[in-house]
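Asks: here is a sequence together with a model predicted from it:
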Amino acid sequence: MKQKPNDEQDNKTEFISGRHPVLEALEGERPINKIFLQKGIQPSFAAKIEKLAKQKKIIISRVPKNRLDELTKHQNHQGVLLTIAAYQYATLSEILKRSAQQETAPFLLILDNIEDPHNLGSIMRTADAAGVTGIIIPQRHAVQLTATVAKTSTGAIEHVPVARVNNLVQTVKQLKKENFWVFGTDMTGQDYRKWNAQGAVALIIGNEGKGISPLLKAQCDQLLTIPMIGHVQSLNASVAAGLLIYQGFTSRGN
């Protein structure tokens, strides 16, 4: 959940905590306002943070652990936190342009009202590992890019562009006009292990409880299913996304 503004943060900044997410942010392009480093933290890690901060001329404030606990609402901050400019969303055209520059067929993820920030963060982590071109999310009724998403993504949020759109159905129609094949998930779909994701593709991952909305499902060129033989006939959204993303990754010859 996005933290409320206080004396250290306003509506144009976010908190990032945790060693790996902080290091990824320091190596990224977004402006960083300030670093909070726990007093008495491991010297080798402190030296790494100090070196990066000096290169970017960022102020470091050494604070006791209870101050970091307070700023992070008692999350596991691992002794470091920074305030950074709020996440900037890409446009769909920017994502497609990025793919053209890389001379690879685009592989997009469309997230239909994912609500759990931990699911979004985990999906971003897998997307980055598998070379997904970009992610599309709706502006309403879905989790946005927050500090929790950033931490769960372990830095992937700095590398995977995310576009917000007003209407997912209209966005899918636009993609189909640009020769994308659109795939979704459904219990009656084809075994995902037979999915060939070569070419320009968009994969839709549905809401944690409701799945893909009927109007969006109607736009899919093909539906995929993950076979299950156990007693529980459903998977966590990020787990299902991970299986599908890597099938797409493998079938594209990676």
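Replies: Structure received.
Asks: gap between the residue most central in space within the chain and Ile49?
Replies: Nearest to the geometric centre of the chain sits Met124, at 3.2 Å (Cα atoms, centre = their mean). Computed as Cβ to Cβ, to the nearest Å, the Met124 to Ile49 distance reads 24 Å. To be clear about C-beta, it is placed using only N, CA and C from the backbone, and glycine gets the same treatment.
Asks: helix or strand: which one has the residue nearest to the centre of the chain?
Replies: Met124 is part of helix 117-129 when elements are defined by DSSP states H and E.
Asks: all strands of the stretch 151-254 of the chain, in order?
Replies: Counting by DSSP state E, counting those that start in this stretch, one finds strands in the stretch 151-254 of the chain at the ranges 162-165, 181-191, 201-205, 222-225.
Asks: what comes up buried for the last one?
Replies: Within strand 222-225, the residues that qualify as buried are Leu223, Leu224, counting by 16 or more other Cβ atoms under 10 Å.
Asks: note down every partner strand of that strand and its orientation.
Replies: strand 181-191 (parallel) (DSSP bridges).
Asks: quick check: angle from the partner strand to strand 201-205?
Replies: 60 degrees (axes from the mean of the first three to the mean of the last three Cα atoms, to 10 degrees).
Asks: where does Arg140 land in three-state SS?
Replies: coil (DSSP: H, G, I helix; E, B strand; the rest coil).
Asks: ok, now the one 3 residues further on?
Replies: Of the three states, Val143 takes coil under three-state DSSP.
Asks: next, count neighbours for it.
Replies: 20 (other Cβ atoms under 10 Å).
Asks: isn't it right next to Gly121, touching?
Replies: No: if you go by Cβ atoms under 8 Å, Val143 and Gly121 don't touch, sitting 9.2 Å apart.
Asks: residue contacts, the residue nearest to the centre of the chain?
Replies: Shown in contact with Met124 (Cβ atoms under 8 Å, 6 or more residues apart in numbering): Ile135, Val149, Thr152, Ser153, Ala156, Ile157, Val160, Val162.
Asks: distance to Ile41 and neighbour count added to those residues, as a markdown table?
Replies: Converted to a markdown table, the contacts of Met124 look like this (distance: Cβ to Cβ, whole Å; neighbours: other Cβ atoms under 10 Å):
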| residue | distance to Ile41 | neighbour count |
| --- | --- | --- |
| Ile135 | 33 | 23 |
| Val149 | 25 | 25 |
| Thr152 | 22 | 23 |
| Ser153 | 23 | 27 |
| Ala156 | 24 | 22 |
| Ile157 | 24 | 28 |
| Val160 | 29 | 22 |
| Val162 | 31 | 22 |
